[in-house]
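In: Output the structure for:
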Amino acid sequence: MPHFIVEYSANLAPEVDIEGLVAVVHRAAIATGIFPLKGTRTRASRREIYIVADGHRDNTFVHVSARIGHGRPLEVRTQAGEAVFNAAREFLRPYFESHPLALSFEMQEIEPGTSFKSNNLPQWIESREPT
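Out: Model (predicted):
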């Protein structure tokens, strides 16, 4: 049930393929082998109101948050985080080389005692033709 949230400044969207970035983050997370395909969710959240650094209107940001189930060793979380961060960084490299961009990533464990779920996606995925 990991959640990957790509938060970004609205001024980034005209020049960066946000859907492509979300897809890259999702694929990188799955490729780690740590996160289950049937439970991984990746989405973007555009921020209309923001101030980045000195407030210059050209400054942009992308922050990827990962909220994951509790219990994986720090080494495993670190390796997975580096893989997802590096994939996002590589995708954004052309933009980064010619625009002011702050890119960050953070992984948080979800406390099991206060996390409630209901999910029928595995049954639906199993019943579909592979894509």
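In: C-alpha from now on. contacts and neighbour counts both.
Out: Noted.
In: Quick one: the strands in this structure, in order.
Out: 3-9, 41-47, 60-69, 101-110 (DSSP state E).
In: Any chance of CSV for those, columns mean pLDDT and mean neighbour count?
Out: Shown next, in CSV, are these (pLDDT from 0 to 100; neighbours: other C-alpha atoms under 10 Å):
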stretch, mean pLDDT, mean neighbour count
strand 3-9, 98, 21
strand 41-47, 98, 16
strand 60-69, 97, 20
strand 101-110, 97, 15
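In: of the ones you listed, which approaches Glu129 most closely?
Out: Among those, the nearest to Glu129 by C-alpha to C-alpha is strand 41-47 (19.8 Å).
In: follow-up on the earlier one: figure out which of the strands of the chain is closest to Pro122.
Out: strand 41-47 (12.8 Å).
In: Dig out what Arg41 forms beta bridges with.
Out: Note on Arg41: beta-bridge partners by DSSP bridges are His3.
In: ok, it to Arg72 distance?
Out: 18 Å (C-alpha to C-alpha, to the nearest Å).
In: What of Glu82?
Out: 15 Å.
In: for Pro130, same thing?
Out: 29 Å.
In: again, but for Ala83
Out: Ala83 is 16 Å from Arg72, by C-alpha to C-alpha.
In: between those two, who's got more neighbours?
Out: Taking other C-alpha atoms under 10 Å, Ala83 and Arg72 do not tie; Ala83 has more neighbours (17 against 12).
In: Grab the nearest non-local neighbour of the more buried one.
Out: Ala28 (6.6 Å; C-alpha to C-alpha, 6 or more residues apart in numbering).
In: same check, this time on Arg77
Out: Met107 (7.8 Å).
In: Counting by contacts, list what the longest helix along the chain packs against.
Out: Under DSSP state H, the helix in the chain containing the largest number of residues is helix 74-96. When contacts are defined as 3 or more C-alpha pairs under 8 Å, 6 or more residues apart in numbering; DSSP states H and E, helix 74-96 packs onto helix 18-31, strand 101-110.
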